[in-house]
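> This is a predicted model, with the sequence first.
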Amino acid sequence: MNNIHANPVEPIKKEIYIIKNDLNNKVYIGQAIDSKEWKSCGVRNFTYEQVTEIIYRLKNDPISINKMAKEYGVNPNTIYCINSGTSKKYRRDEETYPIRPF
C-alpha cells in the first residue's frame, strides 16, 4: 500500500517533483539529485487561493501574524515568509514586499 505519489513537473535544472502524501494531505516539492538521494525544497502548506487570502488579510486585517498562523494551523514563520516574500513557493511577482511593515 503506497500512499505517496510523485509527478514530474517542468524541469528547470534537474527533475523537480511534486509529491502528495495521501495520509496527511501534505504536498512536498523536491529535486532529484541522483537515483539514491532526494533534496526537499519544502512543504507546500497553502493553495494559491489560500495565499491570495493571506495576502489580502496581511494588507487589510489588523490581526497579528501569530494569530493568523494559529487560524491556519501553521508555524508563524510560514506567514512571515509570505509577508516578506522570502518563500519562493508563495511569492507573487505583482506584490511589493514586505506586504505588511514589520
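It's in.
> drop to CA atoms for contacts and neighbour counts, all remaining ones
Fine.
> need the strands for the protein, in chain order.
Assigned strands in the chain, in chain order: 4-8, 16-21, 26-34, 37-44 (criterion: DSSP state E).
> in stretch 52-68, what counts as buried?
By neighbour count with 16 or more other C-alpha atoms under 10 Å, stretch 52-68 contains the buried residues 54, 55, 57, 58, 65, 68.
> Break this protein down into its structural domains.
For the chain, automatic domain parsing gives the domain ranges 4-44, 46-102.
> By residue count, which helix of this protein is the longest?
helix 48-60 (DSSP state H).
> and that helix, what's its mean pLDDT?
The average of the pLDDT scores along helix 48-60 is 95.
> low-scoring pLDDT stretches of the chain, where are they?
Counting by pLDDT under 70, the chain has low-confidence residues at 1-24, 27-43.
> In a markdown table: the buried residues of stretch 52-68, plus distance to residue 82.
Below are the buried residues of stretch 52-68 laid out as a markdown table (distance: C-alpha to C-alpha, whole Å):
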| residue | distance to residue 82 |
| --- | --- |
| 54 | 8 |
| 55 | 8 |
| 57 | 11 |
| 58 | 9 |
| 65 | 10 |
| 68 | 12 |
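> Now flag whichever of these is closest to residue 100.
residue 58 (5.9 Å; C-alpha to C-alpha).
> Could you pull up the residues touching the closest one?
83, 99, 100 (C-alpha atoms under 8 Å, 6 or more residues apart in numbering).
> neighbour-wise, which of the residues you listed leads?
Counting neighbours by other C-alpha atoms under 10 Å, residue 83 leads the contacts of residue 58 with 25 neighbours.
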